[in-house]
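S.K.: predicted coordinates and the sequence they were generated for:
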Amino acid sequence: MYGAGSAAWALRRKTVARKQLGVLLVEAGVVTHAQVETALAEQKRSGGKLGELLVALGFTTAAAVSEALANQLREE
């Protein structure tokens, strides 16, 4: 359909909405909504990536975040 290097592919990737990482992790039962909110508050305060913060706060594992990110990419 679209070649990975084509302009149409680039446009499609920008317009396809994907689920946010926090939503995917909550839906998978990996973390709670409250844990995502805590990590988002920390992200706003100090910066950083949500997945890394969830791991640093002890809410989940790097493997679980990696799996959710892979699923996020597959859904595009």
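M.R.: Cool, got the structure. Since the structure is predicted, the reported quantities are computational estimates derived from the model, not experimental observations. Residues are numbered from 1 along each chain as shown.
S.K.: grab the nearest non-local neighbour of V26.
M.R.: Spatial nearest neighbour of V26, chain neighbours left out: H33 (5.5 Å); criterion: Cβ to Cβ, 6 or more residues apart in numbering. (Each C-beta comes from the backbone N, C-alpha and C, glycine too.)
S.K.: neighbours around that neighbour, how many?
M.R.: 11 (other Cβ atoms under 10 Å).
S.K.: with G22 instead?
M.R.: Close neighbours of G22, defined as other Cβ under 10 Å, add up to 19.
S.K.: what's the following helix or strand after the helix-or-strand element of the chain with minimal mean pLDDT?
M.R.: For the chain, counting by mean pLDDT, DSSP states H and E, helix 7-15 ranks last in confidence among helices and strands (a mean of 53). Using DSSP states H and E, the helix or strand that follows helix 7-15 towards the C-terminus is helix 21-27.
S.K.: buried set for that following helix?
M.R.: Within helix 21-27, the residues scored as buried using 16 or more other Cβ atoms under 10 Å are L21, G22, L24, L25, V26.
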